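S.K.: Sequence first, then the predicted structure:
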Amino acid sequence: MEIKVYDKLPVYAVEIRMQVFVKEQGFSKDLELDENEQKATHLVGFIDGHLAATSRFFFDESRGAYLISRIAVVKEQRGKGLGGKIVKAAEDEIIKLGGKTAVIHAQLRVKEFYESLGYKAYGEIDLEEGVEHIMMKKALT
């Protein structure tokens, strides 16, 4: 997978997120794009020129860490390890910026996936648009 890094929200990321989060998972279109888009670094993965995966990250002052979010893989490309690759690419970019810790507000149903990438759950389960989420943290070295 070829991964491109953008300092502004690319239409490619919007397309993947609308497909995965809005159409497939039923999250609100109005809430999908938020106030963090402008400060985030966005990553988009392509396979043979086709959209495959996306994520974004930004420094979250309230957590004192970089928050990786909006991690999505298009349906046709799932099960190929691309989710792990797009998270690793975000971690690598964070390390280049001097970041030491990454956090993810993970859907509870995919907690084990993030654990397999070295993340540890902390805090209480909360609801985002009626879906259970948990904070997860990883030291970047």
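M.R.: Right, received. Where do you want to start? Quick caveat, the model's predicted, so the values are computed rather than measured.
S.K.: and the gap between Thr101 and Gly26?
M.R.: Thr101 sits 31 Å away from Gly26, taking Cβ to Cβ, to the nearest Å as the criterion. The way it works is simple: take the backbone N, C-alpha and C, and place the C-beta from them, glycine included.
S.K.: let me redo that: Ile125
M.R.: 19 Å.
S.K.: Leu127 too?
M.R.: Here the distance between Leu127 and Gly26 works out to 14 Å (Cβ to Cβ).
S.K.: ok, now Gly130?
M.R.: Applying Cβ to Cβ, one obtains 9 Å for the distance of Gly130 from Gly26.
S.K.: By mean pLDDT, point me to the weakest helix or strand of the chain.
M.R.: Between all helices and strands in the chain, the lowest mean by mean pLDDT, DSSP states H and E belongs to helix 29-32, at a mean of 89.
S.K.: residues of the helix or strand just after that one that come out buried?
M.R.: Using DSSP states H and E, the next helix or strand after helix 29-32 towards the C-terminus is strand 41-47. Buried positions in strand 41-47, judged by neighbour count with 16 or more other Cβ atoms under 10 Å: Thr41, His42, Leu43, Val44, Gly45.
S.K.: From those, pick the one nearest Val73.
M.R.: Using Cβ to Cβ, Gly45 is the member of the buried residues of strand 41-47 that lies nearest Val73, at 8.1 Å.
S.K.: Run through the bridge partners of the closest one.
M.R.: According to DSSP bridges, the partner residues bridging Gly45 are Ile3, Ala53.
S.K.: So it sits against Lys88, correct?
M.R.: No: when contacts are counted by Cβ atoms under 8 Å, Gly45 is not listed as touching Lys88 (10.9 Å).
S.K.: helices and strands around the longest helix belonging to the chain, which ones?
M.R.: Longest helix in the chain by number of residues, with DSSP state H as the criterion: helix 82-96. In terms of contacts (3 or more Cβ pairs under 8 Å, 6 or more residues apart in numbering; DSSP states H and E), helix 82-96 is packed against strand 2-6, strand 41-47, strand 50-60, strand 65-73, strand 101-107, helix 111-116.
S.K.: Residues in a beta bridge with the nearest residue to Leu108 once chain neighbours are set aside, which ones?
M.R.: In space, not counting the residues next to it along the chain, Leu108 is nearest to Glu132; the distance is 3.9 Å by Cβ to Cβ, 6 or more residues apart in numbering. Going by DSSP bridges, Glu132 is paired in beta bridges with Leu127.
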